[in-house]
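Asks: okay, sequence plus prediction incoming.
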Amino acid sequence: MNLYLELFGYMGTALVLMSMMMTSMTKLRFLNIAGSVVSLIYAAVVGTWPVVLLNLGMIVINCVQLLRTYRGKLRIKEEML
């Protein structure tokens, strides 16, 4: 297989692993989304569809949780005003 393609796949894995070391949930989610996008692209090119679905699910879950977090912060700010 193409060396650059393999390195791209490893980069996605590294980003997801690095996200697990974040102390901030927001940073964790953004880094995890980035890693999942890279891994999704790699999996789609290679044709491993279960991995594509896994990464797509992780992206959706992280995006929903980020939206909930920011909506909660906005709601708190509005209540303080």
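Replies: On my side now, so go ahead. Numbering: from 1, shown residues only.
Asks: and Arg68, helix, strand or coil?
Replies: Under the three-state scheme (DSSP: H, G, I helix; E, B strand; the rest coil), the conformation of Arg68 reads as helix.
Asks: that one and Gly35: what is the separation?
Replies: From Arg68 over to Gly35 the distance is 21 Å, taken as C-beta to C-beta, to the nearest Å. Every C-beta, even on glycine, is put in place using the N, C-alpha and C of the backbone.
Asks: buried residues in the helix or strand hosting Tyr10?
Replies: Element membership of Tyr10, judged by DSSP states H and E, is helix 3-19. For helix 3-19, the neighbour count (16 or more other C-beta atoms under 10 Å) marks 9, 12, 15-16, 19 as buried.
Asks: contacts for it?
Replies: Helix 3-19 has contacts (C-beta atoms under 8 Å, 6 or more residues apart in numbering) with 27-29, 31-32, 34-43, 45-46.
Asks: now the buried members of those.
Replies: 28-29, 31-32, 34-43.
Asks: wait, Thr69 sits on Thr26?
Replies: Yes - counting by C-beta atoms under 8 Å, Thr26 is a contact partner of Thr69 at 6.7 Å.
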